[in-house]
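Undergrad: Sequence below, structure please.
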Amino acid sequence: MSRKPKKQNRKKQDGETKVYPVPDRNYKSSLFTMLFSDRKELLGLYNAISGKQYKDPGALNVNTLENAIYMAIKNDLSFVIDSRLSLYEHQSTYSPNLPLRMLLYLADLYADLTKNENLYGRKKVKLPPPQFIIFYNGEEKQPDRRILKLSDLYEVEEEEHKLELEAVMLNINAGHNPELMRACKTLADYAEYTARIRRYAAKMPIEEAVERTITECIREGILEEFLRKYRAEAKRMSIYEYDQARHIRQEREEAWEEGKQEGRQEGREEEKKNIAVNLAKMDMTAEQIGKIVEEETAVVEEWLADTDR
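TA: As a prediction, this is how the structure comes out:
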């Protein structure tokens, strides 16, 4: 059972306190993960991504991590089929660090897959080659397809990277990747379900928006079987995911605004300093300059001392 999201107070500039739900970092379940934890649905998604035509869900060897290294959270979906390892991650917020997270997941998966092997022996330990797919459905604009590379995070550029990891990020919002959506109805239904929640949440409380979306989708045959069976849990997850995404978006917006304000403040101080230096060249005293630029004499003296060094 999931824990309720904690509350965190953030103060606006006018002194009014806002209360945001803080995402529980140990809670990693999502509607997307729940949908595709069903082997039949997961196989359908894999076929749509790979262009394969596998029929037997039993061919999937699901090995999703229960407790990954990264922040002690569970990755979304991972499985082996035809001796190939697929790692699927669902994200409602974009992060350039996703390749690093995938690397940490992979390391844990390989450790688990080879735990009974002799890694110090002369016999080769065979590994399933990995494929990394990120399913993105956030509100920030992203292209249909984007390649994220581990090497983009390296501090120095090298002619040849000794360790590289490429993850494919697919935009699964409604209206994106139409061929993929046609190949996987469940994914298309999920995109429509998410789009309706966002549209209705813009004009009514999230609880009402989710309830209306679920009722409509069942009536119109969108994720109908799933929503009938797991209605209560789907509603709870949808509300949580919406609040989580909104919280992260608000945090980013506030951080951006704070950064802009700090930048403006730094700019004003630099401008004052330049004026002070020019006035000093006219043989004005630090005290006189301070009155003109509305700054303490000691601060002006420090500016001028820095310039003389």
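Undergrad: give me the number of residues near the closest residue to residue 145 other than its chain neighbours?
TA: Among residues not flanking residue 145 along the chain, residue 170 sits closest, at 6.0 Å (Cβ to Cβ, 6 or more residues apart in numbering). All C-beta atoms are positioned from the backbone trio N, CA, C, and that covers glycine. A count of nearby residues for residue 170, using other Cβ atoms under 10 Å, gives 19.
Undergrad: does residue 170 belong to a helix or a strand, and which?
TA: strand 166-171 (DSSP states H and E).
Undergrad: Please write out the alpha-carbon positions of that strand in CSV.
TA: The C-alpha trace of strand 166-171 is given here as CSV (Å, rounded to 0.1, in the frame of the first residue of the first chain):
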residue,chain,number,x,y,z
GLU,A,166,21.9,5.6,-25.5
ALA,A,167,18.3,5.8,-24.5
VAL,A,168,15.4,6.4,-26.9
MET,A,169,12.8,8.8,-25.5
LEU,A,170,9.4,8.5,-27.2
ASN,A,171,6.8,11.1,-26.7
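Undergrad: What is the burial count for the closest residue to residue 195 other than its chain neighbours?
TA: In space, and not counting its chain neighbours, residue 195 is closest to residue 174: 4.1 Å by Cβ to Cβ, 6+ apart. By other Cβ under 10 Å, the residues close to residue 174 number 16.
Undergrad: ranges for the strands of this structure?
TA: Assigned by DSSP state E, the chain shows strands spanning 6-11, 17-22, 61-62, 77-81, 84-91, 130-136, 145-149, 166-171.
Undergrad: Out of those, which gets nearest to residue 204?
TA: strand 17-22 (18.1 Å; Cβ to Cβ).
Undergrad: any idea of the mean pLDDT in the closest one?
TA: Here strand 17-22 scores 37 as its mean pLDDT.
Undergrad: who touches the strand holding residue 170?
TA: Residues from elsewhere that reach strand 166-171, judged by Cβ atoms under 8 Å, 6 or more residues apart in numbering: 89, 91, 94, 98-99, 102, 132-137, 142-150, 177, 180.
Undergrad: Could you pull out the buried residues of it?
TA: 167, 169-171 (16 or more other Cβ atoms under 10 Å).
Undergrad: If you compare the directions of it and strand 130-136, what angle comes out?
TA: Counting by axes from the mean of the first three to the mean of the last three Cα atoms, to 10 degrees, strand 166-171 points 30 degrees away from the direction of strand 130-136.
Undergrad: pLDDT below threshold where in the stretch 151-300 of the chain?
TA: Applying pLDDT under 70 to the stretch 151-300 of the chain flags residues 245-267.
Undergrad: Give the full set of residues in contact with the residue found closest to residue 33 once you drop the neighbours it is linked to in the chain.
TA: Of all residues not flanking residue 33 in the chain, residue 76 sits nearest, at 5.0 Å (Cβ to Cβ, 6+ apart). Residues in contact with residue 76 (Cβ under 8 Å, 6+ apart) are 28, 30, 32-33, 64, 88-90.
Undergrad: Now do the contacts for the residue nearest to residue 195.
TA: Taking Cβ under 8 Å, 6+ apart as the test, what residue 174 contacts is 191-192, 194-195.
Undergrad: Could you tell me which residues make contact with residue 119?
TA: residue 125.
Undergrad: Can you list the strands that the strand holding residue 170 pairs with?
TA: Strand 166-171 has its sheet partners listed here by DSSP bridges as strand 130-136 (parallel), strand 145-149 (antiparallel).
Undergrad: These: which one's closest to residue 200?
TA: Per Cβ to Cβ, nearest to residue 200 of the strands paired with strand 166-171: strand 130-136, 21.5 Å.
Undergrad: Can I get the closest one in CSV, CA atoms only?
TA: Output in CSV follows, covering the C-alpha atoms of strand 130-136 (Å, rounded to 0.1, in the frame of the first residue of the first chain):
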residue,chain,number,x,y,z
PRO,A,130,20.3,-4.0,-23.5
GLN,A,131,17.8,-1.6,-25.1
PHE,A,132,16.7,1.5,-23.2
ILE,A,133,13.3,3.1,-23.9
ILE,A,134,11.8,6.1,-22.1
PHE,A,135,8.1,6.7,-22.5
TYR,A,136,7.5,10.5,-22.0
